[in-house]
Every structure is written in C-alpha cells, then in structure tokens.
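Colleague: Okay, sequence plus prediction incoming.
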Amino acid sequence: MAGPLSHIRVLDLSRIMAGPWAGQVLADLGADVVKVERPGAGDDTRGWGPPFLKDKAGRDTSDAGYFLSVNRGKRSIAVDLADAEGQGIVRALAARADIVLENFKAGALAKYGLGYEDLGAINPALIYCSITGFGQSGPRRDQAAYDFMIQGMSGLMSVTGEADGKPGAGPQKVGVPIVDIMTGMYAAIAVLAALARRQVSGQGEHVDIGMLDVGASFLANQAMNYLISGRAPRRAGNAHPNIQPQDVFATRDGHLVLAVGNDDQFARLCDVLERPDIARDERFRTNAGRVRNNAILTPLIAELLANRERDHWVRECARVGVPCGPINTVPEVFADEQIKHRGMLIEIAHPVAGAVPQVASPMRFKHAPLSHERPPPLLGEHTEEILRELGWPDAKAPAASAADGK
C-alpha cells in the first residue's frame, strides 16, 4: 500500500460506522487494516440496505452501500470472538499490530481476554482505541448508543432545523451520521497522536473516545455562545447565529446559499445587487449590526435575489469574491467540474461486481500520495491469507461471502 502510514498495521475490531470510519481513514493513509468480522454475518452494515452492490449479472450481493462507504482498503478475516481459537487469532494479530480499534460496550472484550490490559500485556507498544457511546467511565458507560440518539442528546438537534413558529419547525438530525463520522475522525487523530508519542516514549496507549463527548465538543460556536451569554441557542433554520447575511435564498429558478463572511464582502454583495446604499446603512454597515437587524435585512436581500436566475447571482458573486453557491443534489455534486477535477469519484476493481464506486479521500500528499486500490472486502475474503501470514495451522476461509445473492 502507498501513503504515509504504509508501515503501520491496524487491527479493526469495530463495527457499524464510527470505528470503521477511523479504520478507513487509516487505510486510506496506507495502513494495513485487518477487519475482524463474525463468520456468516459480518459487520451489521453489510445488511443495511437496500441499495446493495450488484454483481456482474445485475443481482444483489450481500453488501449494502452503507458498508461500502466505510470499509475501503481493508482486509476481512472471519473470526468468532466467543471461540477460544478465534480469541487466539485476535491475540496473534494484536501482537504484531500498532493500533487496535474496537467499539464494543465498555468491558465487553475483557470477558474474552481481549481488553486493553490483556492485549497490552502481549504488546506493550500497542495503541488500543476504545470507541463507545459514553466512554469508559460515568453513569452511562454501559449503555448502547447510535448516531441519531447522540445527535439528540448532544444538543446538535436543538440548533438544527427550522425556527419555532415557522412551517416545518422542529428539531432535525443532520442528513449524514455526523456524530459517527466525527467520532471516527477524532479516533483517527487520537491514535496518530499516540503513535507520535510512542516514537519518543516507546509506550503504548489506551485511547477512550465517547460519542456523547464528541457530540458536545463540536457544538463549537453554539456552545460558546451559550457559555458566555447564558442564553440557550435556538434553531434558526439555515440562518447563521453569528454572521449575516448567511442563509438560503430563493431565486427566480432555484435556491442558493449566500455566505457573506465580513463587511467588505457585504459591500461587494450590495454592489452586485445594485443597492450599494444598503451597505452604507448604519444598521447594516457592520456584521454585529446585521446580526441584530437580521429580521429587516434578510427579507430585503431575499426580495432582490428573487428577481434574477440562480446562475446569474452565483456567477456575479464569484466575480467579486463573495461566497455563493447552488444547493446541489448528490448527483449534481459528482457532476461538478471541481469535484471531477479533484478526482473525488473513483472506481476500484471488485471481485464480484467488477468495479465498485467510491468517494476518494480528500487528503492529498505531495511526497506520499494515497492509492485507492483495495475495495471494501467480501466477508472473510482474506481469512486464509491472514492466517498464513500468522503461521496459523489449518487456515481455511469461511463459507459465507458477499458473492451470495440476497
């Protein structure tokens, strides 16, 4: 594998989204990531469809798009953790690994002799990352959690959605599992930080990542708005709580996002709108004034934008350096010339489907370029290969794979 982590081995015991996302980030960076899955079933997300990947004959395989989105670049080994031999295989993998990722309930793997203390005794330099809903301590440590639940508990949904009193008002979740994704990103950052420290200390680490902690951490400006004012942030639809004008506006033939970031950009926007007087109005001259008087400003801008086509405003705003863009559908995203130029949509050869589409990593390295060559694995696809590497006796592949039709 190419990439800056081509010398690193990762043992991925995680399932669903947060842990696998961290594992995929590390795999994209070149690490050899071995994903341990249940024989005959695999990661739960393999069945989270439709849609399912189709084989060369157009039939559904057993792998859903959900699974395919978070397991690129990994090798799959089918191992039963409740079985003594399976536990032995995991210990052997941990003995040569740099990083372990797991998202079992707190203390669950210790029952199988696979907890941090157990594997750390075998490999003192091991970096062991535990990802749970609520962390390894506290009154909720034993409770299960999913992204949607944590989006609610973390306060994210209280600031997401249309404002009270408007049509469609009410809390809304983000359209992707953002807490899972951010948890995976924090996990990847944490294990890489532990790797950097290990180079100096030679010491392993136990990293504890809780999804609720993560959800609270990325409340960012909304959290600080509350902490310094004492006022709970409220849902405001698409309007930004601290910067204006930033909102969704209707044009003659569609909608656009306007994201003015400073006073100079606002003045240039007013020139584009052919209303330079608005920028000179004392109520709107500074951002603080625009925020305080947003109830007056937004309808005024909305009326002006409604008079012309979306592409006209996007083009004119780009000309003067004012951030403005269309609200793309997912198909439109991948048709965007910038996305195509950056190579964000790729295909990787697949043993059953022929090829599988993937959204490439956004990371770019000049001296250690990434290489997306390994597709999301079939269930247990690499069992024999990995067991042979371990020198394990009687290596054999599992009976079930993604080639089995649904």
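Modeller: Received, thanks.
Colleague: Low-confidence ranges, this structure, go.
Modeller: 1, 395-406 (pLDDT under 70).
Colleague: which residue lies farthest from the center of it?
Modeller: residue 277 (43.2 Å; CA atoms, centre = their mean).
Colleague: Show me this protein divided up by domain.
Modeller: The chain is divided into the following domains under automatic domain parsing: 9-217+339-390, 246-327.
Colleague: so where do the helices sit in the stretch 201-350 of the chain?
Modeller: Assigned by DSSP state H, counting those that start in this stretch, the stretch 201-350 of the chain shows helices spanning 211-217, 220-229, 263-272, 276-280, 287-292, 294-305, 310-320, 330-335, 337-341.
Colleague: Show me which residues of the last one are buried.
Modeller: Of the residues in helix 337-341, residue 339 count as buried by neighbour count, 16 or more other CB atoms under 10 Å. Where you see a C-beta, it was placed from the backbone N, CA and C, and this is true even at glycine.
Colleague: List the neighbours of that helix that are in contact with it.
Modeller: 333, 334, 345 (CB atoms under 8 Å, 6 or more residues apart in numbering).
Colleague: and with 10 Å instead?
Modeller: 328, 332, 333, 334, 344, 345, 359, 360 (CB atoms under 10 Å, 6 or more residues apart in numbering).
Colleague: before we move on, the earlier item: out of the helices of the stretch 201-350 of the chain, nearest to residue 65?
Modeller: helix 330-335 (11.8 Å; CB to CB).
Colleague: what packs against that closest one?
Modeller: Helix 330-335 makes packing contacts with helix 337-341, strand 345-350, strand 354-359 when contacts are defined by 3 or more CB pairs under 10 Å, 6 or more residues apart in numbering; DSSP states H and E.
Colleague: mind redoing it with 7 Å?
Modeller: Packing contacts for helix 330-335, counted by 3 or more CB pairs under 7 Å, 6 or more residues apart in numbering; DSSP states H and E, involve no helix or strand.
Colleague: now the strands for the chain?
Modeller: Listed from the start of the chain, the chain has strands (DSSP state E) covering 9-12, 32-37, 52-54, 60-64, 74-78, 99-102, 127-132, 205-210, 246-250, 255-259, 324-326, 345-350, 354-359.
Colleague: Among these, which comes closest to residue 307?
Modeller: Closest among those, using CB to CB: strand 246-250, at 10.7 Å.
Colleague: Run through the neighbouring helices and strands of the closest one.
Modeller: strand 255-259, helix 294-305.
Colleague: distance of the nearest residue to residue 346 once chain neighbours are set aside from residue 26?
Modeller: Distance criterion CB to CB, 6 or more residues apart in numbering; nearest residue to residue 346, sequence neighbours excluded, is residue 360 at 4.9 Å. Distance, residue 360 to residue 26, using CB to CB, to the nearest Å: 15 Å.
Colleague: okay, these two: which has more neighbours?
Modeller: residue 26 (28 against 17; other CB atoms under 10 Å).
Colleague: Quick check: closest non-adjacent residue to that one.
Modeller: Counting by CB to CB, 6+ apart, residue 10 is the residue found nearest to residue 26 once chain neighbours are left out, at 5.2 Å.
Colleague: cool, residue 300 as well?
Modeller: residue 278 (6.9 Å).
Colleague: which residues touch residue 302?
Modeller: 249, 250 (CB atoms under 7 Å, 6 or more residues apart in numbering).
Colleague: repeat for residue 214
Modeller: So, once contact is read as CB under 7 Å, 6+ apart, residue 214 ends up touching 179, 182, 183, 186.
Colleague: burial count for the nearest residue to residue 12 once chain neighbours are set aside?
Modeller: Nearest in space to residue 12, with sequence neighbours left out and distances taken as CB to CB, 6+ apart, is residue 23 at 4.1 Å. By other CB under 10 Å, the residues close to residue 23 number 30.
Colleague: State the distance from residue 23 to residue 39.
Modeller: 19 Å.
Colleague: what do you get for residue 56?
Modeller: 25 Å.
Colleague: more neighbours, these two?
Modeller: More crowded of residue 56 and residue 39, by other CB under 10 Å: residue 39, with 18 against 11.
Colleague: How much space separates that one from residue 89?
Modeller: 12 Å.
Colleague: cool, and residue 33?
Modeller: The value you get for residue 33 to residue 89, if CB to CB is used, is 16 Å.
Colleague: got it, and residue 177?
Modeller: Taking CB to CB, one finds residue 177 at 30 Å from residue 89.
Colleague: what does residue 98 give?
Modeller: Taking CB to CB, one finds residue 98 at 18 Å from residue 89.
Colleague: Could you pull up the residues touching residue 88?
Modeller: Contacts of residue 88 (CB under 7 Å, 6+ apart): none.
Colleague: how about the residue nearest to residue 48 when sequence neighbours are not counted, what does it touch?
Modeller: Distance criterion CB to CB, 6+ apart; nearest residue to residue 48, sequence neighbours excluded, is residue 66 at 4.1 Å. Neighbouring residues of residue 66 by CB under 7 Å, 6+ apart: 45, 48, 49.
Colleague: on that earlier part again, among the helices of the stretch 201-350 of the chain, which is nearest residue 168?
Modeller: Nearest to residue 168, of the helices of the stretch 201-350 of the chain and by CB to CB, is helix 294-305 at 17.2 Å.
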